[in-house]
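Undergrad: just coords:
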C-alpha cells in the first residue's frame, strides 16, 4: 500500500500534463479561447446572479409600472421593461434559465441517445436495424417542428419544452455513438473483452460508452447553442417559458409590442442569445478540432 | 445502383410510416376532445356525437389508425378543426410561398455558403478564415425572428427603402393581374413575363430572404470548411501536390469532389432548418405561407393542421434525404 | 457544368436585383383613379366564409358584404332599421313582424324579398353552426306577403335585437341559399351589402370592390376598394398606418397607441366596447370555496395600475359584471378596490393559511395585457404570502382544463374576455352566472338556484319590460359581487388608429372590430 | 567539397509541440550520385517521412520548422525555392515521390485514368488524346494488363499491388529523374512486394532514375540499395556502402538492427515428446455471407476445411499472406465466430456445444494477445482495470486481492507495480504489449494465442518481448499459437509451422524441418520472396505471378494452381489432400504424390 502513496505524484503529473495540453491546443485557437472565456464568464454570472444583479427583486417579486419602458441609463443599464423592471437584471438572470434548460435538454438527449447508439452499434443485427429506423424516423422531423407539435399539444411550459427538445434531439447522439461504436468494434480491446467472456452489457457500458465521450462532448457543446436558440424560438412562439420567467426568447416575444418605442427591450435579450449561442458554437467548433486525434498527435 | 435506390426508397417509406404512426399517437393522446372543438363551443351532446361520427372518432383505435394511414397515403390529411376545410387544400394554398423562400435561401446557401467555406478552409488560420468563421458561426447563432424585426426597423422604418411585409404592394395587386401558375410569385412572374409585378415583388422578397438565408449560408459555409479541412489532410492531396498539380486545381477539383457527399447532406439539413425558420419569420413579414399557417394553428390548437404540416415537412425531408443519399451514392467509394 | 449553372443563376439574380432597384422608379404606377381603404387586421380576415357558419373574425368582412335586418346604432344606442324598414311585435313579445325594404338588389342581381329573408334565416337555423343558437327562440317563420315576414317564437325574446346580431343574422341571396359551405369558402358571396368580393386569399387577405347597385347609393369620396389583410405584428400595423400605407388598424399595443397620439397624420379613435375582462374563481376547490378568501383575492387585485399603467387609460375600471354602455350597467354598484390591508383582514377572517399556498392562474396565450396584469397580480399576492403561478395556454387548453370533471384538477383563477353576441346583458348572466349541467362558460362554477330564477325572469322580461328586467340584472350583479365570484378587472375600450384622411368611422361595440366601409370616406 | 547530384547538408528540422520545440531531423550529409540507389532505414518516428516531405517542399510548417541546411538537387538549393517554383519546375517534373500507402495515395473519387491524365497534362503540353495515349503507355510500362480497362477504374476497384504500380507510373509519367520512395511496399504482401521491387529496379535502370529509398526493413533496403544510412531519432547512426554497414557495423543501434533480423538462426530447439492433445480442429469451415447478387448467395470462404492438432506445451506458428484465413481461424477457435461447419475440440470438448458455464471456463483457458497494443487496450481504463478484467469476469475476488494479483502480473511481465494506476497512453509500444500479455496471463490460461505480437513495435522492444514470451513459456508451460508474417519470428519461437493459403493449410510440420526443406511451391515462393541480409540483389527474389484470387470464388482444384509455376492440368481439376511426406511434415501437393 505504501508504494502506491509514494507514487502518487508520478500518477498525477501526466494527468495535469494532459489537461495542460488541452489548454495549449485551446490557446492556439484565439476565437475558441475567447469563446471559452465567455462561457466561463456566463457560468460565473449565472451562479452569482442573485448577488451581482442590481435589482434581484425585479425577477418576479416586484414590478413598478410607473417606471415602465425607461431607456438605458445609469440606474437601469439596459432600461426597463413594460412593468418597470430592470432589463439588465433580467437578462443576467436569463443566463441561468438558458444554461440550465440547455444543459437539461442536452443531458436528457444524451441519456436517451447514447445508450441506444452504443447498443445499436455494439450488438448490431436486427437490434441495430430497429433502433436506427426509429432514429431515422425521429431525425426526419425538422428539429424545431417536432418540439412545436409536442408542446403545442401537451401545453406550453419550460419543462415541456425541455422534454420536447430532448425528444427531437436524442437521435443525433444515437447516430453519433453508433458510428463510434461500430468503429470501436474494430479496436481489438472489444474483441479481447469478448474473448475473455465479458458480458455484452458490460462491454457496452464500460468499454464502448466511455470511449465515445469525447465526440459526445464535442456534439453536446455544439448542441448547447442550438438548444438555447430552440428554447428561445419556442418561447418566442409562446410555447416555452411562462411570465415572469426572465427567459430571453419570451422577453423578445414580449418586446415585440414595444418594439418601435423601446429598441433596448428587444436588443439586449437578442444580443444575449447571440453571444451565448455564438460562444457555444465557437467552442464546439474548437473542441472538434482539439479532440480530433489528428490534431492531438503531438 | 438501382437496387440501392430501391432500398433507400423502401427505407424512406418505412420512415414515413413511422412518422405517421407517431403523429397518430400524438393526436390520440392529446387531452382535448377534437369532436367538441369541431362542433363548436355551444354544441349539444348530440352535435358533438355527430361530429365524432363525422370525424370517425367513434371507431376502435385500430380502425381509426388504418383509416388515418389510408388517408395519409392518399394525401388526405383530414380537416382543420378551426376552418373545417380539408387540410390538403389549405396546405396547397400556403406551400408555394414558403417553398419559394426556402428555394431562394437554398440557392443563396449554395452560391455564397460553399465558396465561403472553401476559401475559409484554404486560408485556414488566417484573417480571412477568422472573419469567415465568425460570420458563418455568427449567422447560425442569431435568433432569426430577432434579425427579421431589426431588418424591418432599419430598412422600412428608418431608411424607408424596402416594404414592410407581404408579397406585393396593394396598388399593384389591384391594378395588375397577379400571375398564378405554380403559386410561387417570382417564378410565376418570370413565366408570364409580368415584369411590373416581378420587380414590385422582388423588393418585398429581399428582407425575408436575407433573414431566412442567413442560417443556411452560415451552416453550409461552416460545414464545407470542416469537411474540406479533413480532406485536405488526406494523403492523396499531398500526393497530388507532389505530382506538381496546381494548388487551385487540388483545392477546387481534387478536394472539393471528396466533400460533395457531406456538402449534400448539409444542404439537405439546412433546408430542414430553413423550413422551420420560416415558421418564426413569416408572421413578422406577413408572408402568406406555411409558417403563418402553423403559427395560427399552434395558437388555436388546430392539431390536425399542425400534424398535417408536420407530415408534409417530414415527407419533404425524407425525399430530400433520399436525393442527398443518391448524390452520395454517386461517390465511387460507396460500394453498392 | 455545375459552375456554369451557378454562374447563370447568379447573373440572373444580380441582374434582377439591379433592374428591380432601378425599375421600381421607372415603371411608376400610372396615377390610379381607384381609392383604396386598407384595413390592417391583427388576424385572419375570416375563418369560414359561409355567413351562416362564421362565428369569428369573419364579421369584419361579412358586414361589408351582407346586411342584417336591423342594426344597432352606436349614436342612438338603439336598434335601427336596415334591410327591415320597420317591425312590430305582439304584447308578450312572441310574434314579430318585419317589413322588408323594397328595391334592394343582391350582388348576383336577385331581388330582396320576404322569401329571401325566411330562407336565409332558416338556412342558418338548419345548419346549427356558429352562433345559430341566437335563433333558438324562433318557432316558425312565415312569409306574409312579398315584403312582410312574421316570426313566431316559442318564448318571448327581443327579436329586433337578435336580428341585429353581429353573427348569424345575415341575409343571403336566394341563389346562394341552397349552396353548401364549400361553395362560399371558394370565395363566393352574394349579399346586399355595399361591397362585393373581388379576391380572397384564405388566411391572408380579402379584397372587396364597390357594388355599384347598392341600394343606399354612392357618393364620390367613398372608397372603391377595400383591402382587409392580416398583419399579426402590432409594430408592423403601426408602421403601416404611420407611413400612410394602411388607412385603419386596431389592436395596437398601448405604447404604440401612445406614440401614435403624437403623430398628426394619424387619428387615434376611441370608442366604447362591450368587452370586459373577468377573472373566474374555481369555487368548487379549496380554499376558493371560501367567500372571504375570494374577497381577499379581490381586494388584492391591482385595478388602478391595470387601467392606468398597463392599459394607459384605454380601459375603464369595471363596475359590476355588465360593461358600461349596455343596459343593466349600474355605476352605483359596489366595486372592490386595491386594498391590501382589507385583503389581509379578509384573509384572516377566512381562516385560510396562505403559507405554501400556490394558486394557478390561466389565460389565453399571446394577450399582452393579460400577461402584464397577471404579473402585477402575482406581485400583490406575494405580499399576502400567496404564490401565483401564471400559466399561459392555448384557449382550447385553458378551456379544456376548466371543464375537467375533477374540480381539483382545474385551474384556480381563469382570466377571460367576454363580449355579447348581440346587445344584451343576458349574455353575461346566462353564460357566466346561470348554473350549467355541463360546464361551458360558467367558469366560476356558480350553482345558485336563486340567481338562476332571477336570470330566467329577467330574460323573459327583457323583450317586454326592459325597466323591470334591468332591476333584476342589477340585483344579480349585487349578489355576484357580494359573493366575490369574479374579479372584475376592467371594461375595455375600443381603440383604433386611422389615417388622418380616413373619415366617418365610429367604432360600434355591437360589432367588435367591424369597419362599415360604406360609412367612411376620404378627405 | 564537390557537390553530388543530390546532396543534403546540415539539415536540421524541428517540430513545435506542446512541451517544447523538438528536433526531429538532424542530418549532416547525404550525398547521392546520379543513377544510384540510396537507402534510408529507420523505424517509425525516426524522421524518414519528414525527410521525404522536406525534399518535396511539402512539409507542413508549422508545426515543422526548417532551421538550417541545404537540399541541393542538380546544383540548386530546393529549400530556397518558393512553392510555385517547386510546383512548376520540380514536383512531378523532376522529382517524384511514391508514398507508403497505396490505399490512400490515390484520390478515391476520380478514375485512375483521370488522375494520370491530370498529372501528365500538368507538365507536358499535350492534348487530351495524346495524354490518354501517354497514360496508356505508362500503364503498360508498369506491366499492368488491360491498360484501357484500368484507366476507367476507380482506385478501390484495384488491388494494392496494382495501385502501387499506378502510383509508380504516375511518378515516372513526366520523366522524373529523381524518385523518393517512402516505404513503397509497406502494406503489401511479401510476394507482391518482391514483384514491385523488381519492377522498380527495372524501371530505374530503364529510365536512369536516381532513387532515395526509405523503409523500416533493413534487409529490404540493403537488398535494393547501393548505399544506406541508418536513421535513428532523426540522426544518422551509420552510413556507407551496404556491405560495409552490414558486414561490420560500428554503431550500437545498427548492431541491434542487424541482430534482430538474424536472430532466427541461433535457436536450438529442445526436442521433446508431447502426446497430450490440447486443441483439435476438425474440418472447420467458416464462410461469411456477402451481399446477395441476382438471387445467388455468395460467401467469402475464409476458412475452408481445416484440420489441425495442437499438443500441450507446443508453440505452433501460422504463416500466410493477408487474407489467407489465419485470423479467422484463430477467431473461430476463440469462439468469436460461429463456425459454418466442423468442430473445435478443446481438451476433448467441442467448444461450440458447451453450455454457458462450460463456455466461460473455456474462455478462461484460451487467451489472446493482439497485434497492435495501442488498439487492444481500452484507452479510458487504468492499467489495473485492463489487467484485472478477465479476473473480474472469471473469479470472485475482493478488490485488494485483485490489485495484488495485478501487481504480481505486472512484475511478471517486467513492469513496475506503479504502472497499475496509469493509462495505456503513458506507455511505449513495447510496454503496452507487456500489459496485454499480463492481461492474457491473468487467469492462468492453458492456451495463449499471439496474433503478430511484435509487428507494430520497435525493433529493440521486439527482441525483448520475444525474450519475455519465451521465458514465460518455459516458466508457465504455456501452449501458444503464434500468427506472424515475419518468418524469423516464427522460426525463433515456433515448434511447428502451418502455412496457409486462401483458407486452406498447404503445409504443416516441425518448424526446423519446414524451414530447412519447404515442400509446397507456395511455401517455397513465400520463403524466397522475402529479402534477407544475405540476398545479394533484388533479382534473386522469387515472385508470384498474378494477384491472390478472391476468396468468394476460389479457383477449382488446388487453390494455388493459378499462380503456381509447376501447375499442370490436374491441379485445376482435383483438390490435393494433406499427405505426410516425412516425419511430422505434411503438405497438400500432387508433386509429392509418389
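TA: Here it is on my side, so go on. Please read all numbers here as calculations on a predicted model, not as lab measurements.
Undergrad: get me the contact residues on chain A for chain C.
TA: Contact residues of chain A with respect to chain C, defined by C-beta under 8 Å from any C-beta of the partner chain, are listed as A:60-63, A:65-66, A:68-69, A:82-83, A:152, A:155-157, A:238, A:242-244, A:254, A:256-262. C-beta coordinates here come from the backbone N, C-alpha and C atoms, glycine included.
Undergrad: right, I mislabeled it, should have said the stretch 101-250 of chain B
TA: B:107, B:110-111, B:149, B:152, B:156-157, B:160, B:164-166, B:170-175, B:195-196, B:198-200, B:202-203, B:206.
Undergrad: before we move on, back to that, generate a ChimeraX selection restricted to the buried subset of the residues of chain A next to chain C.
TA: Entered in ChimeraX, the line below selects the buried ones among those, by 16 or more other C-beta atoms under 10 Å in any protein chain shown:
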select /A:60,62,63,65,68,69,82,83,152,155,156,157,238,242,243,244,254,256,257,258,259,260,261,262
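Undergrad: so which of the residues of chain A next to chain C are also by chain D?
TA: Checked against chain D using C-beta under 8 Å from any C-beta, those yield no neighbours at all.
Undergrad: hang on, the earlier thing: out of the residues of the stretch 101-250 of chain B next to chain C, which are close to chain A?
TA: Within the set of these, contact with chain A (C-beta under 8 Å from any C-beta) is found for B:149, B:157.
Undergrad: are any of the residues of the stretch 101-250 of chain B next to chain C buried, and if so which?
TA: With neighbours counted by 16+ other C-beta under 10 Å, these contain buried members at B:107, B:110-111, B:149, B:152, B:156-157, B:164-166, B:170, B:172-174, B:195-196, B:198-200, B:202-203, B:206.
Undergrad: ok, the residue of the stretch 51-200 of chain D found nearest chain B to chain A distance?
TA: When distances are taken as C-beta to the nearest C-beta, the stretch 51-200 of chain D approaches chain B most closely through residue D:92, which lies 3.0 Å from it. In this structure, residue D:92 and chain A are separated by 26 Å, where distance is defined by C-beta to the nearest C-beta, to the nearest Å.
Undergrad: what does the nearest residue to that residue once chain neighbours are set aside show for phi and psi?
TA: Once its chain neighbours are removed from consideration, residue D:92 has its nearest residue in residue B:244; the separation is 3.0 Å (C-beta to C-beta, 6 or more residues apart in numbering or on different chains). The main-chain torsion angles of residue B:244 are listed as degrees, to the nearest 10 and equal phi 90, psi 10.
Undergrad: quick check, residue B:244 in contact with residue D:85.
TA: No. Counting by C-beta atoms under 8 Å, residue B:244 stays clear of residue D:85, with 10.9 Å between them.
Undergrad: what about the two, which has more around it?
TA: More crowded of residue B:244 and residue D:85, by other C-beta atoms under 10 Å in any protein chain shown: residue B:244, with 23 against 14.
Undergrad: spit out the contact partners of the more buried one.
TA: D:87-88, D:90-93, D:119, D:122-123, D:174 (C-beta atoms under 8 Å, 6 or more residues apart in numbering or on different chains).
Undergrad: show the buried residues in the residues you listed.
TA: If you count burial by 16+ other C-beta under 10 Å, the buried members of the contacts of residue B:244 come out as D:87, D:90-93, D:119, D:122-123, D:174.
Undergrad: from those, pick the one nearest residue B:64.
TA: Of all the buried ones among the contacts of residue B:244, residue D:119 has the smallest distance to residue B:64: 65.6 Å, by C-beta to C-beta.
Undergrad: is it correct that that closest one is in contact with residue D:174?
TA: Yes. Residue D:119 is in contact with residue D:174 according to C-beta under 8 Å; the separation is 6.8 Å.
Undergrad: give the residues shared as contacts by the two.
TA: Shared contacts of residue D:119 and residue D:174 (C-beta under 8 Å, 6+ apart): B:243-244, D:92.
Undergrad: so which of those sits lowest on pLDDT?
TA: By predicted confidence (pLDDT), the lowest-ranked of the shared contacts of residue D:119 and residue D:174 is residue B:244, with 76.
Undergrad: separation between it and chain A?
TA: 26 Å.
Undergrad: contact partners for the closest residue to residue C:333 other than its chain neighbours?
TA: If the residues on either side of it in the chain are set aside, residue C:333 comes closest to residue C:320, at 4.2 Å by C-beta to C-beta, 6+ apart. Counting by C-beta under 8 Å, 6+ apart, residue C:320 touches C:329-330, C:333, C:335, C:474, C:477, C:480-481, C:488.
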